[in-house]
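Colleague: following is a predicted model, sequence given first.
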Amino acid sequence: MKIIDAHNHPDWHGHNLGKTLKNMDSFGIEKTWLLNWECHTADYSHIYSKLTPAGVLGDVNEPIPFSRCLNYKERAPERFILGYCPDPRDPDACNRLVAAHDIYGAQVCGELKVRMMYDNPDILMLFKVAGSLNMPVTLHLQYDHRKQWDDPRAEWFGGGIDALERVLKACPDTDFLGHAPGFWMHISNDEHYQERSYPPERAEVIPGGRIPELLRKYPNLYCDISAGSGFTALNRDLEFAKTFLTEFQDRVLYARDYFDNKHQELLNSLMLPTSLLEKIYFKNAERLLAK
């Protein structure tokens, strides 16, 4: 079966191009969506400097430089789908997105990961431009869980699930992929998201979560199952995972944001129909880019 990884990064977790291609081959991944990350240095914990050499190979405001995405794409063009999202605070952000699309062939707007409400007017304009270019947008959502001003858990991105709904409503012609803890915690109708980024181990999913609600309400919302957040959301309650993936089989994309194989192992263990798995593994990703 063809497999597309709809979320990964260059030079990520010690993987250069050679290691990335070898890793993809070992797990049967034909193509990878290669996403950049552009933001102010004040936006993120600098633990990320251990994961990608931002200050060496890009501007200090680019924890994952687009130049590295482009480098991989130019050296192995058949294996990567190019993604690019500018920092929306740049007055030239929309022009830069258009240039990345028109000059370099970027097909995805992502990854957006900035300390701003995602319904900020500058970001909404960027989303609308992405929609006009038929570029789906990958969003990282994460809540602020710090308890006091000097708490190291100071990162937050996007403003949470309510901001996401406002975005979906404001930009009906743009497709969005929800990603990260601030998105996936809402698969369940509980309050864990207020205190933590990941649910208790094997916490049963309570029906009525915001993700199913938004998927039913907004046809422009899709799900990126990458990273620990997406994996945990599905793995915490396997019976619910089957129900969720069956109902939303046209709106879920296989993705990793890392280089292990646990997402494939989980999906394959659920005994889902081949036709459903084909959608998650590659058909939904191809359909998004073919619009």
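Modeller: Nice, I can see it.

Colleague: okay, CA-based contacts and neighbour counts for the rest of this
Modeller: OK.

Colleague: poorly predicted segments of the chain, please.
Modeller: In the predicted model, the chain carries pLDDT under 70 at residues 46-61.

Colleague: how about the strands in the stretch 51-200 of the chain?
Modeller: Applying DSSP state E, counting those that start in this stretch to the stretch 51-200 of the chain gives strands spanning 80-82, 109-112, 137-140, 176-179.

Colleague: return the most buried member of those.
Modeller: Of all these, strand 109-112 has the most neighbours on average by mean count of other CA atoms under 10 Å, namely a mean of 27.

Colleague: for the stretch 101-250 of the chain, which segments are assigned as helices?
Modeller: Assigned by DSSP state H, counting those that start in this stretch, the stretch 101-250 of the chain shows helices spanning 121-132, 161-170, 181-184, 210-217, 227-235, 238-247.

Colleague: reformat the strands of the stretch 51-200 of the chain into a markdown table and put distance to T32 next to each item.
Modeller: Conversion of the strands of the stretch 51-200 of the chain to a markdown table gives the following (distance: least, CA to CA, whole Å):
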| stretch | distance to T32 |
| --- | --- |
| strand 80-82 | 5 |
| strand 109-112 | 13 |
| strand 137-140 | 14 |
| strand 176-179 | 15 |
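
Colleague: which stretch among the ones you listed comes nearest P65?
Modeller: Closest to P65 of the strands of the stretch 51-200 of the chain is strand 109-112 (CA to CA; 11.1 Å).

Colleague: okay, now the sheet partners of the closest one, with direction.
Modeller: Take DSSP bridges as the rule and strand 109-112 pairs in its sheet with strand 137-140 (parallel).

Colleague: hey, C-alpha coordinates of the partner strand in PDB?
Modeller: Extracted in PDB, the C-alpha atoms of strand 137-140 (Å, rounded to 0.1, in the frame of the first residue of the first chain):
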ATOM      1  CA  VAL A 137      -2.700  24.700   6.200                       C
ATOM      2  CA  THR A 138      -1.100  22.600   9.000                       C
ATOM      3  CA  LEU A 139      -1.800  24.200  12.400                       C
ATOM      4  CA  HIS A 140       0.000  23.500  15.700                       C
END
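
Colleague: list of residues touching that strand?
Modeller: 108-113, 127, 130, 157-158, 174-180, 182-183, 224 (CA atoms under 8 Å, 6 or more residues apart in numbering).

Colleague: the nearest residue to H192 once chain neighbours are set aside: neighbour count?
Modeller: Of all residues not flanking H192 in the chain, P199 sits nearest, at 6.2 Å (CA to CA, 6 or more residues apart in numbering). Residues lying near P199 (other CA atoms under 10 Å) number 22.

Colleague: so P199 touches M185, yeah?
Modeller: Yes: when contacts are counted by CA atoms under 8 Å, P199 is listed as touching M185 (7.0 Å).

Colleague: shared neighbours of these two, anything?
Modeller: In contact with both P199 and M185: H192, Y193, using CA under 8 Å, 6+ apart.
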